[in-house]
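Asks: From the sequence below, what's the structure:
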Amino acid sequence: MTARGSWDLVVVGAGPAGSTAALAALRANPAARVLLLDAADFPRDKVCGDGVAPHALDVLAGLGVDVTALTAGTAPVHDLRLTSPRGVTAARRFARPASVVPRALLDARLVQAACDAGAQLRRHRVRTLTPAGDGVDVDGLVHARTVIGADGAESFVRRQCGAGRAPAGTTAIALRGYTSAEPWPAGEQRLVMTTAHWPAYAWVFPVGDGTANVGYGELVRADPPTRAHLVERLHELLPGCPPITLRGHRLPLSPGRPDVGHGRVLLAGDAASLINPLTGEGIYYAVLSGFLAGTAAMTPEPADRYRRSLRHRLGRHLRHTDALARLTRTPLLVDLATTAARDHQRAFDDLVEIGLGAGTIGSALAVAMLRTGTRGALRR
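Replies: Reported below is the predicted structural model:
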């Protein structure tokens, strides 16, 4: 790393959370000195489902990102086919289409947008953070007024700043690969859940270029699942999936009240354990938390401002998803919700908002689930 001196903001990790944080800081103060540090060169792959909800694109568009260019080479996904643990299937159209953008493309395009806005990017693996005066020294090379840790699930910044450990039962593991989209309908995302090793599901997310992102994940228990087990489960749930090269990743799921700020060090995205515990969705959380952290970094009390703004935007939603994650440790509630979504468009829309956006348990979903439960039967 050749960048030295003092910076208004140093962002560790240049994925969606980090690049969005840089964009937000520069939108708040175009004269700010913003440094992005990442251990890799771009473009680079990142293990992920690649699903980009329209909510994430809304945040980025508000920061001046050309979302048409961001999603170029992919096609909108209009439909979702959801199969519950006991085999109930809901197949409906999204209220707004989603996108599937491979992270090798998405991250490179976002980091370029941040650099175009005035951020400087350097390849560097951060090894020390030291409180110093009115800010933080990074590896003794640069001084930052504020540091944002956006360095993913294995965040070094999180460990350095003293954030609490993830509670037991809030970590998932998944395998992901790319294959031909031919076995599955075009423009349709597919989630297939299973009672075996619940909570667990497989997915098919079509990119729109003839390929699909395919994977399987489950909650980590006392004995972590082996790679062979994960591969076997993927092919059992998606029998038409050909053999593919798979890569694994860990998902720190949101505990409901994430630990996101310590002094002049903030955490965003996976580094803050901001992953939806019901779906594993993380890109919207990454983009939104990056936006809020980058904006807060330009204020006199960044940690306090960030915590308050995140609570305002996501607090109620995170409490609902945390409660639902606990309630759905037995799959009956998911079967009821899927049946309600199958039978009622508004219930389907509520379910999508909870899983992909910042939704909460709405009346349409709750009433439909209650009626389904009262009938006492789940029709496949």
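
Asks: All the helices of the stretch 101-250 of the chain, residue numbers only.
Replies: 103-117, 156-161, 227-237 (DSSP state H, counting those that start in this stretch).

Asks: So for residue 2, what's the pLDDT?
Replies: Per-residue pLDDT puts residue 2 at 62.

Asks: I'd like the numbering to begin with 37 instead of 1 from here.
Replies: Taking 37 as the first residue, the last one we looked at is residue 38.

Asks: Show me what counts as buried in stretch 391-406.
Replies: Neighbour-count burial for stretch 391-406 flags 391, 392, 393, 394, 395, 397, 398, 400, 401, 404, 405 (criterion: 16 or more other CB atoms under 10 Å). From N, CA and C alone the C-beta is placed, and that goes for glycine too.

Asks: ok, of these, which one's closest to residue 235?
Replies: residue 391 (12.8 Å; CB to CB).

Asks: Helix or strand: which one has the closest one?
Replies: Using DSSP states H and E, the element containing residue 391 is helix 381-392.

Asks: OK, contacts around residue 289?
Replies: Residues near residue 289 by CB atoms under 8 Å, 6 or more residues apart in numbering: 202, 206, 207, 208, 309, 311, 312, 313, 316, 361.

Asks: For the last one, list the residues it contacts.
Replies: In other words, residue 361. By CB under 8 Å, 6+ apart, the contact list for residue 361 reads 235, 289, 313, 314.

Asks: Check which helix or strand the residue nearest to residue 331 when sequence neighbours are not counted maps to.
Replies: Counting by CB to CB, 6 or more residues apart in numbering, the nearest residue to residue 331 once its immediate chain neighbours are dropped is residue 60, at 4.8 Å. Assigned by DSSP H and E, residue 60 belongs to helix 52-64.

Asks: Contacts only, for the spatially closest residue to residue 238 that is not a sequence neighbour.
Replies: Leaving aside its sequence neighbours, residue 238 sits nearest to residue 273 (CB to CB, 6+ apart; 3.8 Å). By CB under 8 Å, 6+ apart, residue 273 lies in contact with 228, 230, 237, 238, 252.

Asks: among the residues you listed, who's most crowded?
Replies: Greatest neighbour count in the contacts of residue 273, by other CB atoms under 10 Å, goes to residue 252: 29 neighbours.

Asks: pretty sure that residue is touching residue 266, no?
Replies: Yes - between residue 252 and residue 266 there is a contact under CB atoms under 8 Å: 5.7 Å.

Asks: and for the two, which residues touch both?
Replies: 210, 211.

Asks: Could you tell me which of the contacts of residue 289 belong to strands?
Replies: Within the contacts of residue 289, residues falling in strands by DSSP state E are 207, 208.

Asks: Of the contacts of residue 289, which is the nearest to residue 68?
Replies: Nearest to residue 68 among the contacts of residue 289, with distances taken as CB to CB, is residue 309, at 27.2 Å.

Asks: Residue 323 falls within a helix, correct?
Replies: Yes - counting by DSSP: H, G, I helix; E, B strand; the rest coil, residue 323 is part of a helix.

Asks: Name the nearest residue to it, sequence neighbours excluded.
Replies: Using CB to CB, 6+ apart, the closest residue to residue 323 is residue 92 (4.4 Å).

Asks: tell me the contacts of the closest residue to residue 190 other than its chain neighbours?
Replies: In space, and not counting its chain neighbours, residue 190 is closest to residue 286: 7.3 Å by CB to CB, 6+ apart. For residue 286, the contact set (CB under 8 Å, 6+ apart) comprises 189, 190, 207, 208, 209, 256.

Asks: Would you mind putting those into TSV with neighbour count, pLDDT and distance to residue 46 alongside?
Replies: Below are these laid out as TSV (neighbours: other CB atoms under 10 Å; pLDDT from 0 to 100; distance: CB to CB, whole Å):
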residue	neighbour count	pLDDT	distance to residue 46
189	18	94	20
190	12	93	19
207	18	93	28
208	19	96	30
209	17	96	30
256	17	93	32
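
Asks: closest to residue 198 among the buried residues of stretch 391-406?
Replies: Nearest to residue 198 among the buried residues of stretch 391-406, counting by CB to CB, is residue 394 at 27.7 Å.

Asks: and that closest one, backbone torsions?
Replies: The phi/psi pair for residue 394 (degrees, to the nearest 10) reads phi -120, psi 30.

Asks: tell me the angle of the helix or strand harbouring residue 327 relative to helix 381-392?
Replies: Using DSSP H and E, residue 327 falls within helix 319-332. Note on geometry: by axes from the mean of the first three to the mean of the last three CA atoms, to 10 degrees, helix 319-332 and helix 381-392 are set 60 degrees apart in direction.

Asks: which strands and helices sit next to helix 319-332?
Replies: helix 52-64, strand 87-88, helix 90-98, strand 178-185, strand 301-303, helix 338-363 (3 or more CB pairs under 8 Å, 6 or more residues apart in numbering; DSSP states H and E).

Asks: at 7 Å what do you get?
Replies: The contact analysis (3 or more CB pairs under 7 Å, 6 or more residues apart in numbering; DSSP states H and E) places helix 319-332 against helix 52-64, helix 90-98, helix 338-363.

Asks: Mind checking the pLDDT average for the longest one?
Replies: It refers to helix 338-363. What helix 338-363 shows for mean pLDDT is 95.

Asks: Can you give me the buried ones in it?
Replies: Neighbour counts over helix 338-363 (16+ other CB under 10 Å) mark 338-339, 341-343, 345-346, 349-351, 353-354, 356-358, 360-361 as buried.
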